[in-house]
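J.: Fold the following, please.
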Amino acid sequence: MCERLAYEQKAYEAGYKHIIGLDEAGRGPMAGPLVVAGVIFPEGYYDERINDSKKLTEKKREALFDVIKEHALAYYIQIMSVEEVDELNVYQASKEGMIRCIEKIDVKPDFALTDAMPIGSVLLHEAIVKGDGKSISIGAASILAKVTRDHIMIEYAKQYPEYGFEKHKGYPTKAHKEALQKYGVTPIHRKSFGPVQEALHKQLNIFDDL
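T.: Sure, this is the predicted structure:
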């Protein structure tokens, strides 16, 4: 049963050929980039293993990352920098990342399915609440985005070993907040996020007291 192909099938029946699924990873973390991905599968492609990345183990995500890239008609991964997230806000950065995927992917899409993100008039689309678990295209995009972002944060963990990025991937866990207070703000922390602002104020107050 192709339960996660229903939205794509509806679009195919409406005459669309190249349907791009769009999703992001990293809206919640207080450190690291936001990663957005877009995936276009050949018409009718289905793999029951492809699902919302949050419902999959790391091992399964890693395996599917290669499966998706191999079988997609086209895919694109857009990395939105910490500076862009701070400047635009994380919601707008997600939207901008999706628009860039649409513009830069090798095969021109004629319809988009997004994970609850309206993208304006750039392309006809359907924004689906919890779409990463309802659409194979969005689910595939969520896997590409999540795996890419995790790899980035694991590399940052080598650069900033005190923070434990390899464990929490930049999310505001207790251990991350404690490290932030102890070691201060790094260049990869999002300065528009509350805990980071608090740590910055603390650092500035220390300098004021000197």
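
J.: hey, let's count contacts and neighbours off CA atoms from now on
T.: Fine.

J.: Which elements pack onto the lengthiest helix in the chain?
T.: Longest helix of the chain, by residue count under DSSP state H: helix 136-159. Packing contacts for helix 136-159, counted by 3 or more C-alpha pairs under 8 Å, 6 or more residues apart in numbering; DSSP states H and E, involve strand 19-25, strand 34-40, helix 58-71, strand 111-115, helix 165-168.

J.: 10 Å - rerun?
T.: Applying 3 or more C-alpha pairs under 10 Å, 6 or more residues apart in numbering; DSSP states H and E, we find helix 136-159 packed against helix 6-13, strand 19-25, strand 34-40, helix 58-71, strand 74-80, strand 111-115, helix 165-168.

J.: what's next to the fourth one, contact-wise?
T.: Okay, so that is helix 58-71. 39-42, 45-47, 49-56, 74-76, 137, 140-148, 150 (C-alpha atoms under 10 Å, 6 or more residues apart in numbering).

J.: So for residue 88, which of the helices and strands packed on helix 136-159 sits nearest?
T.: For residue 88, the closest of those is strand 74-80, at 10.2 Å, according to C-alpha to C-alpha.

J.: between that closest one and strand 34-40, how many degrees?
T.: 170 degrees (axes from the mean of the first three to the mean of the last three C-alpha atoms, to 10 degrees).

J.: Flag the shaky bits of the protein, pLDDT-wise.
T.: By pLDDT under 70, the low-scoring segments of the chain are 1, 204-210.

J.: Can I have the buried ones of the contacts of helix 58-71 as a ChimeraX selection?
T.: A single ChimeraX command selects the buried members of the contacts of helix 58-71 (16 or more other C-alpha atoms under 10 Å):
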select :39,40,41,46,50,51,52,53,74,75,76,137,140,141,142,143,144,145,146,147,148,150
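
J.: got the phi/psi numbers for the residue nearest to residue 134 when sequence neighbours are not counted?
T.: In space, and not counting its chain neighbours, residue 134 is closest to residue 4: 5.0 Å by C-alpha to C-alpha, 6 or more residues apart in numbering. Torsion angles at residue 4 (phi, psi; degrees, to the nearest 10) stand at phi -100, psi 20.

J.: Cheers, nothing more for now.
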